[in-house]
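K.L.:
Please work out how this folds:
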Amino acid sequence: HRHQNKSAEVLQAKLSRGDDRARLAEVITSIKGINKGDASTFIDRFGSFEALADATEEELHSCPRIGGKKVRQLQHVFHTPFFS
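P.N.:
Predicted coordinates:
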């Protein structure tokens, strides 16, 4: 087995990092119009949900394969109050 010579700490660290990325991708893809590829692009570019939510329109537009419609959708989700 490929993991037989790895310590438990090394495997746990990899699992935790993978789980964080998977959870973040799941949250991001819950936004209408955002797919797994988009989520991966955002995670690679911004690294966290907070950084993505704080990104400017220009920063979002600088991401590969992210057009105006997706940028507007993200800006709407992140900057429109749930309750008024």
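K.L.:
What sits closest to R65 if chain neighbours are left out?
P.N.:
T41 (6.6 Å; C-beta to C-beta, 6 or more residues apart in numbering). For every residue, glycine as well, the C-beta is placed using N, CA and C.
K.L.:
And that neighbour, which helix or strand is it part of?
P.N.:
T41 belongs to helix 36-46 when assigned by DSSP states H and E.
K.L.:
And that helix, what's buried?
P.N.:
The neighbour-count criterion (16 or more other C-beta atoms under 10 Å) identifies 38-39, 41-43, 45-46 as the buried residues of helix 36-46.
K.L.:
Following the chain past that helix, name the next helix or strand.
P.N.:
Next element after helix 36-46 (DSSP H and E): helix 49-54.
K.L.:
Give me the buried positions along that following helix.
P.N.:
L52.
K.L.:
mind starting the numbering at 448 from now?
P.N.:
Yep, numbering from 448; the last one is helix 496-501 now.
K.L.:
got any ranges where the chain has weak pLDDT?
P.N.:
448-465, 531 (pLDDT under 70).
K.L.:
hmm, 90 instead?
P.N.:
448-467, 469-470, 473, 528-531 (pLDDT under 90).
K.L.:
okay, now the residue nearest to Q522 when sequence neighbours are not counted: neighbour count?
P.N.:
Nearest non-adjacent residue to Q522, counting by C-beta to C-beta, 6+ apart: E504, 6.3 Å away. Around E504 there are 12 other residues, counting by other C-beta atoms under 10 Å.
K.L.:
How many residues are close by D467?
P.N.:
The burial count for D467: 12, using other C-beta under 10 Å.
K.L.:
could you say which helix or strand contains it?
P.N.:
Per DSSP H and E: helix 455-476 holds D467.
K.L.:
can you pull the contacts of the most centrally placed residue in the chain?
P.N.:
Centroid-nearest residue in the chain, with C-alpha atoms, centre = their mean: I490, separated by 3.8 Å. When contacts are counted by C-beta atoms under 8 Å, 6 or more residues apart in numbering, I490 touches 468, 471-472, 475.
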